[in-house]
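Trainee: Provide a 3D model corresponding to the input given below.
(one chain, ligands or ions: 2)
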Amino acid sequence: MSVAIAPAVVVERSVPMAGAVELVVYHPPSAAAVNPGQFFQLAVGAPRTILRRPYSAAWSDAASGRVGFIFNVVGAGSAWLSQRDEGSELDLLGPLGRGFELDGDRPAVCIAGGLGIAVFLGVVQALVARGRKVTMLQGARMSAQLLPADRLPGADVRTATDDGSRGHHGSVVDLISSHFPPTFTGERQGGGIDLFACGPTPMLQSMIGLAQRHAVPLSSIQVALETPMGCGVGTCLGCAAPRREGGYLLTCQDGPCVRADRIDWDRMEDQFHG
Ligand SMILES: Cc1cc2nc3c(=O)[nH]c(=O)nc-3n(C[C@H](O)[C@H](O)[C@H](O)COP(=O)(O)OP(=O)(O)OC[C@H]3O[C@@H](n4cnc5c(N)ncnc54)[C@H](O)[C@@H]3O)c2cc1C
Ligand code: FES
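Mentor: Numbering: from 1, shown residues only. Ligands and ions are numbered 1, 2, ... in the order given. Sure, this is the predicted structure:
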């Protein structure tokens, strides 16, 4: 794995869905090196921000040397990033951490809550390229905040919104139920699905609870964890996540993509949403 601090150039800025910004940067070494689910630490120049900010590579294209990032504005760092114009330089550290394990031949079901969808453009592309059947379950507060399905070519996209403005009226986790019973039956026969998830911790906990009630093995579920991060490279211990067997793992090194059976979900805290 090659990790570098590198000045990249912003070549495109757009609004992929309401409340989100997409920055496309040109940096061929990063575009060639990144695996879906890995992240970069982006340097931000906003006043009183010292630490870099972690962002998943939403997608990458080695042929054009481009990497895309999709994010929402929650504070000073993301506000600064959202104002980068075409032609401005962006300092990337990465790619960092472990991406998803994508090989396999079982159907893949991806589930994203809110900005968790950001990581799935590259994941879906890589799964489809492996010839896997892909279902993408996407949840948002309202219709305008859903990533358009044409950004996820090859996937069967199902949606859920909190306000019922598109798709299922309620949590995106409700949409997995229809995948679980056959999975359980299929698992016994050697079939089943692989589940890939990213979203707020309460959403992940609700999904894990449902999986356990359906006796779905947590080893068949991979999650992209989101914890606060300082260094991004294993030295500050700021990204600790509780391990099932006790102690902690480091999200920046052991993750962010981990098998769900490695985490103690009862001790996992939502550090962002109160
Ligand atoms: C591995 C990893 C990958 C990530 N990938 C993405 C991504 O692809 N797209 C994306 O939009 N975000 C992503 N994030 C979250 C992103 O790093 C934070 O939103 C960002 O660091 C916030 O920086 P800031 O300076 O704008 O806000 P800060 O000033 O650091 O925080 C401002 C406020 O926002 C809250 N906040 C901070 N982070 C989050 C969060 N993740 N969710 C909700 N509230 C938050 C803080 O608690 C605080 O109240 C990722 C995080 C990790 C660990
Ligand atoms: S972010 Fe510093 S150890 Fe993980």
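Trainee: three-state assignment of L175?
Mentor: At L175 the chain is in helix, as set by DSSP: H, G, I helix; E, B strand; the rest coil.
Trainee: The closest residue to it other than its chain neighbours: what's it in contact with?
Mentor: Distance criterion Cβ to Cβ, 6 or more residues apart in numbering; nearest residue to L175, sequence neighbours excluded, is L137 at 4.6 Å. From N, CA and C alone the C-beta is placed, and that goes for glycine too. Going by Cβ atoms under 8 Å, 6 or more residues apart in numbering, L137 touches 109-112, 158-160, 172, 175-176.
Trainee: For the helix or strand hosting L137, give the mean pLDDT please.
Mentor: For L137, the enclosing helix or strand under DSSP states H and E is strand 134-140. Strand 134-140 shows a mean pLDDT of 98 in the predicted model.
Trainee: In the stretch 1-150 of the chain, where is pLDDT below threshold?
Mentor: 1-6 (pLDDT under 70).
Trainee: Write out the residues of it neighbouring ligand 1.
Mentor: With Cβ under 6 Å from any ligand atom as the criterion, the stretch 1-150 of the chain meets ligand 1 at residues 39, 49, 53-56, 70-72, 74-78, 115, 118.
Trainee: what do you get if the cut-off is 8 Å, keeping everything else the same?
Mentor: Contacts of the stretch 1-150 of the chain with ligand 1, taken as Cβ under 8 Å from any ligand atom, map to 20, 39, 44, 46, 49, 53-56, 58, 69-81, 97, 115, 118-119.
Trainee: And the buried ones among these, selectable in PyMOL?
Mentor: In PyMOL, this line selects whichever of these come out buried by 16 or more other Cβ atoms under 10 Å:
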select buried, resi 20+39+44+53+54+55+56+58+69+70+71+77+78+80+81+97+115+118+119
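Trainee: Just the ones in strands from the residues of the stretch 1-150 of the chain next to ligand 1, please.
Mentor: Within those, residues falling in strands by DSSP state E are 20, 39, 53-56, 69-72.
Trainee: Which one of those is nearest to D150?
Mentor: For those, the minimum distance to D150 (Cβ to Cβ) is 14.7 Å, reached by I70.
Trainee: Beta-bridge partners for that closest one, please?
Mentor: E22 (DSSP bridges).
Trainee: Chain neighbours aside, what residue packs nearest to G65?
Mentor: Of all residues not flanking G65 in the chain, P28 sits nearest, at 3.4 Å (Cβ to Cβ, 6+ apart).
Trainee: burial of the one you found, as a residue count?
Mentor: Counted by other Cβ atoms under 10 Å, the residues lying close to P28 total 16.
Trainee: so how far is ligand 1 from it?
Mentor: To ligand 1, P28 is 21 Å away according to Cβ to the nearest ligand atom, to the nearest Å.
Trainee: My guess is that residue contacts A62. True?
Mentor: Yes. Counting by Cβ atoms under 8 Å, P28 sits close enough to A62 to count as a contact (7.5 Å).
Trainee: which residues touch the nearest residue to S88 once chain neighbours are set aside?
Mentor: Leaving out its chain neighbours, the residue that sits closest to S88 by Cβ to Cβ, 6+ apart is V10, at 5.0 Å. V10 sits next to 23-25, 84-90 when contact means Cβ under 8 Å, 6+ apart.
Trainee: Recalculate using a threshold of 10 Å.
Mentor: For V10, the contact set (Cβ atoms under 10 Å, 6 or more residues apart in numbering) comprises 23-26, 69, 81, 84-90.
Trainee: do the same with L195
Mentor: By Cβ under 10 Å, 6+ apart, the contact set of L195 is 106-111, 135, 137, 176, 179-180, 183, 207, 211, 216, 218, 220-223, 260.
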